[in-house]
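> got a structure for you, letters missing:
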């Protein structure tokens, strides 16, 4: 009897050692793993995500299309998981494609969606669908993924059931993309350009170097290429969204470059110039061939060291031009012209840049030394020609 | 069997018709097949003459590059580098503003996501070729005075090429059909060449 009581006590001890919440404990799974699940059973808890569910016409003819709605022959779903990251779930006949896409790639699916209908739907956790529904076609699988229990086997049937739900919205793609591009580019620009006014306290070299670094960091990021590809290739179809990319992205960078150039012009450190053109030129040089190579898929993003060397070269060129190279070529061009063009040398001697007539005939904004140089060169050429002609006549 | 001259004429005819449609639809064209269809060119003729639709697109890019590099190829001794760069710049600005180059670029960029290799081919026949020609011209400009090889020519060429052309202007081309006047182009190019020569900082001349 004593032995029996001890055995029973032992059993009760064993039972009491089990976690009270772990009533479905599986013997092969360690306790510490089994108890780390939420009330819906997964090891982590997630908030229900919002999906863009696309009901689309077929892209190629299929025998079964005659039995389905003209514009809702197939269904797939996309959700955003980052500024430039989307997850696509598309049931095929042969597999379920689950993959991540960049924005420029996702837009190609969304355009297909816009040819039919796009609904914004929130998934349900744990949901009320059932794996026992059978016939795993696109409509059934997407319904299950969203946690819906609808007894419908066609994309259009699912569309009607989802459309009737509270909180489900129809998505107008052009409006959606414009809002998305506006907010994303705004955030990217803020990140790169927010404290740029402090740059005016630096020297021109340091200011443009720092500005170049910040812009390049954003410009050469993979998301920036994705938005650029979208803006250029989809502009005819979504002009407002492409416009939002340009005005909230690159345009902001041009404005900051313009402010920097204006500051250094006002403080007398830069020549007067067309500030808009000079700002665009700076940003265009920062992009250079490297940007085109990446955008066209010829190479991957550069590392930070390469980028820094490149920015340094662009800043140097922007501030000082191809100085040594130009001096070398110009000097020899002048020397070379000495022999065959003696009259031009004579003209150069007769004319000096300080010639008081020149500033009088030029508009005020063109009287900088840099502006005067080509004018001076022309005057010399004309005077040279006159001297040559006079020489012949004599 | 067609003679080489016949083939060349047929190719030129196709290119000319497709280029016309691309110029009319430079802000909207996104697909070479639909452009060929609108140009009323037989698809099979394109395949026969150019190998593929991509072949047609790439030959058009090569033709535009041929025109653009002309001022750099005539390496004459009696013209200053400044004059040559201005002529090259004006040609480039004019091509950006009025030709079918932008439409070809947009189509290529859209196609590049399919990893068909067209992006690389476009880059090599377009920007890379222009950069290489500019670099050769800069080397020539130094060599003609008996100087040694100029090592930074390619970087200088890259900077100068993008100093002239700005992809940001896509925003203008998309929203308006305004074409810059010849004077606008010339002013912009002269300003760019000034920047190339002297930079922005004062006291560096």
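Perfect, thanks for sending it. Since we're looking at a predicted model, the values are computed, not measured.
> tell me the contacts of residue A:76?
Residue A:76 makes contact with A:53-54, A:56, A:88-91, A:109, A:138, A:142, according to Cβ atoms under 8 Å, 6 or more residues apart in numbering or on different chains. C-beta coordinates here come from the backbone N, C-alpha and C atoms, glycine included.
> Actually, residue A:86.
A:78-80, A:100-103, A:105-106.
> and which of those is nearest to chain B?
Minimum distance to chain B across the contacts of residue A:86 is 6.1 Å, recorded for residue A:105 (Cβ to the nearest Cβ).
> Find the residue closest to the closest one in space, skipping its chain neighbours.
residue B:113 (6.1 Å; Cβ to Cβ, 6 or more residues apart in numbering or on different chains).
> what about the one you found, neighbour count?
Per other Cβ atoms under 10 Å in any protein chain shown, the neighbour tally for residue B:113 reads 16.
> ditto for residue A:314
26.
> element containing residue 156, please.
Here I'm looking at chain A. helix A:155-163 (DSSP states H and E).
> The intended chain is chain B.
helix B:153-164.
> sorry, back to before: please narrow the contacts of residue A:76 to those residing in strands.
A:53-54, A:56, A:88-91 (DSSP state E).
> which one of these sits closest to residue A:174?
The closest of these to residue A:174 turns out to be residue A:54 (Cβ to Cβ; 15.1 Å).
> Which secondary structure element of chain B has the lowest mean pLDDT?
helix B:170-175 (a mean of 49; mean pLDDT, DSSP states H and E).
> just to revisit the earlier point, tell me what the helix holding residue A:156 is packed against?
Helices and strands touching helix A:155-163, by 3 or more Cβ pairs under 8 Å, 6 or more residues apart in numbering or on different chains; DSSP states H and E, are strand A:50-56, strand A:74-82, strand A:117-122, helix A:138-145.
> buried sites along that helix?
A:155-159, A:161-162 (16 or more other Cβ atoms under 10 Å in any protein chain shown).
> between the residues you listed, which is closest to residue B:74?
The closest of those, once distances to residue B:74 are taken by Cβ to Cβ, is residue A:155, at 62.9 Å.
> distance of that closest one from chain B?
Between residue A:155 and chain B the distance is 26 Å, computed by Cβ to the nearest Cβ, to the nearest Å.
> my guess is that residue meets residue A:71, correct?
No. Counting by Cβ atoms under 8 Å, residue A:71 is not a contact partner of residue A:155; they are 9.4 Å apart.
> On the pLDDT front, check residue 50 for me.
Here I'm looking at chain A. pLDDT, residue A:50: 96.
> Actually, chain B is the one I wanted.
94.
> One more: residue B:107?
pLDDT at residue B:107 comes out at 92.
> which non-adjacent residue is nearest the residue most central in space within chain B?
In chain B, the centroid-proximal residue (Cα atoms, centre = their mean) is residue B:65; its distance is 4.7 Å. Leaving aside its sequence neighbours, residue B:65 sits nearest to residue B:129 (Cβ to Cβ, 6+ apart; 5.0 Å).
> Pull out the buried residues from the helix or strand that contains the one you found.
If you go by DSSP H and E, residue B:129 is part of helix B:127-143. Within helix B:127-143, the residues that count as buried by 16+ other Cβ under 10 Å are B:127-131, B:133-142.
> same deal with stretch B:60-77?
For stretch B:60-77, by 16+ other Cβ under 10 Å, it's B:60-61, B:64-65, B:68-69, B:71-72.
> mind giving me JSON lines with the buried residues of helix A:155-163 and columns for pLDDT?
Below are the buried residues of helix A:155-163 laid out as JSON lines (pLDDT from 0 to 100):
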{"residue": "A:155", "pLDDT": "95"}
{"residue": "A:156", "pLDDT": "96"}
{"residue": "A:157", "pLDDT": "95"}
{"residue": "A:158", "pLDDT": "96"}
{"residue": "A:159", "pLDDT": "97"}
{"residue": "A:161", "pLDDT": "96"}
{"residue": "A:162", "pLDDT": "97"}
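> Of those residues, which is the nearest to chain B?
residue A:155 (26.1 Å).
> remind me which residues of chain A are low pLDDT?
A:1-27, A:29, A:32-40, A:334-394 (pLDDT under 70).
> Next: chain B.
B:1-7, B:75-77, B:115, B:145-151, B:166-182, B:204-205.
> hey, where'd the helices end up in it?
For chain B, the helices defined by DSSP state H occupy B:4-24, B:32-38, B:43-50, B:53-73, B:81-98, B:101-112, B:118-125, B:127-143, B:153-164, B:170-175, B:182-198.
> any idea how far the second one is from the chain center?
It refers to helix B:32-38. How far helix B:32-38 lies from its chain's middle: 21 Å, per Cα atoms, centre = their mean, to the nearest Å.
> list the helices and strands it packs on?
Taking 3+ Cβ pairs under 8 Å, 6+ apart as the contact cut, helix B:32-38 packs with helix B:4-24, helix B:43-50, helix B:53-73, helix B:101-112.
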